[in-house]
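Asker: the following block contains a protein sequence and its predicted model.
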Amino acid sequence: MSSKRNQILNAAAKVFAANGFHPTTIRDVAREAGVADGTIYNYFDSKTALLFAILDRMRESAASTIDPHELAEMDFRGLVKLYVQQALFVPKADNFELFRVVMSEILVNKDLRSLYHERILQPALLQAEPLFTQWAEQHPGSTVDPALAVRALSGAVLGLIIQHILGDELLAARWADLPDALADLFIHGVGG
């Protein structure tokens, strides 16, 4: 990725987090990046494309930390924990500021909501579903629906992020414990 493109993405992330998506203009991003307004259009078609490039970069960064050999040797609990860990810690990198902006905008912007579902949520769900399906096949007596289970886990993660943003002090203090806690809860249930 070019250094100019990264410079623009870094500036956009900072400005979106500070001002919100809707009020931010391309001019604001250009000013923060120290480039001319038109330079941004050499790299991105629109403000929405810029936002999704930031999210794609976050997702790619998270994926690059996963060792495929280690992944192949993990048990199901380890896979669930890794899935939760990636989902909880990638958006926390900027203290959830960008996530807060994205979530508030996708609730009111149908086009952005559709893009978020297509480019961020759906790929994450499709990545986890085969793992859950494999686990269900190895446990013939299980009544777990892999597609629903992945969505339930994803929903729990989303809820925890929102709860953290709302100021839950226990979550803030014990955020690092959540991947293990959620993996255990998911694998063993409340009574386990």
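Answerer: Arrived safely, thanks for sending. Numbers count the residues shown, from 1 in each chain.
Asker: quick one: the helices in the chain?
Answerer: Applying DSSP state H to the chain gives helices spanning 3-19, 26-33, 37-43, 47-64, 68-72, 76-89, 97-106, 110-116, 122-138, 146-165, 169-173, 178-188.
Asker: nearest residue to Ala33 other than its sequence neighbours?
Answerer: The shortest distance from Ala33 to any non-neighbouring residue, by C-beta to C-beta, 6 or more residues apart in numbering, is to Ala11 (3.6 Å). Heads up, the C-betas are built off the backbone N, CA and C, glycines and all.
Asker: and the one you found, what does it touch?
Answerer: Going by C-beta atoms under 8 Å, 6 or more residues apart in numbering, Ala11 touches Val29, Ala30, Glu32, Ala33, Gly34.
Asker: Ala30 versus the closest residue to the third one other than its chain neighbours, what's the distance?
Answerer: Sequence neighbours aside, Ala11 is the residue nearest to Glu32 in space, at 3.8 Å (criterion: C-beta to C-beta, 6+ apart). Counting by C-beta to C-beta, to the nearest Å, the gap between Ala11 and Ala30 amounts to 8 Å.
Asker: got the contact list for Trp175?
Answerer: Contacts of Trp175 (C-beta under 8 Å, 6+ apart): Leu88, Lys92, His164.
Asker: most neighbours among those, which one is it?
Answerer: Highest neighbour count within those: His164, with 21 neighbours (other C-beta atoms under 10 Å).
Asker: what about the residue lying closest to that one once chain neighbours are set aside, neighbour count?
Answerer: Of all residues not flanking His164 in the chain, Leu171 sits nearest, at 4.7 Å (C-beta to C-beta, 6+ apart). Using other C-beta under 10 Å, Leu171 has 17 other residues around it.
Asker: would you turn the helices of the chain into CSV with mean pLDDT?
Answerer: Formatted as CSV, the helices of the chain follow (pLDDT from 0 to 100):
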stretch, mean pLDDT
helix 3-19, 91
helix 26-33, 96
helix 37-43, 93
helix 47-64, 79
helix 68-72, 66
helix 76-89, 83
helix 97-106, 84
helix 110-116, 86
helix 122-138, 83
helix 146-165, 91
helix 169-173, 94
helix 178-188, 90
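Asker: Tyr41: neighbour count?
Answerer: 14.
Asker: leaving out chain neighbours, which residue sits closest to it?
Answerer: Nearest to Tyr41 is Ile26, by C-beta to C-beta, 6+ apart, at 7.7 Å.
Asker: dump the residue contacts of the one you found.
Answerer: Asp37, Ile40, Tyr41, Lys47, Leu50.
Asker: could I get the contacts of Trp175 in TSV, plus columns for distance to Phe16?
Answerer: Conversion of the contacts of Trp175 to TSV gives the following (distance: C-beta to C-beta, whole Å):
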residue	distance to Phe16
Leu88	21
Lys92	16
His164	19
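Asker: tell me the buried residues in stretch 154-168?
Answerer: By 16 or more other C-beta atoms under 10 Å, the buried positions in stretch 154-168 come out as Ser154, Ala156, Val157, Leu160, Ile161, His164, Ile165.
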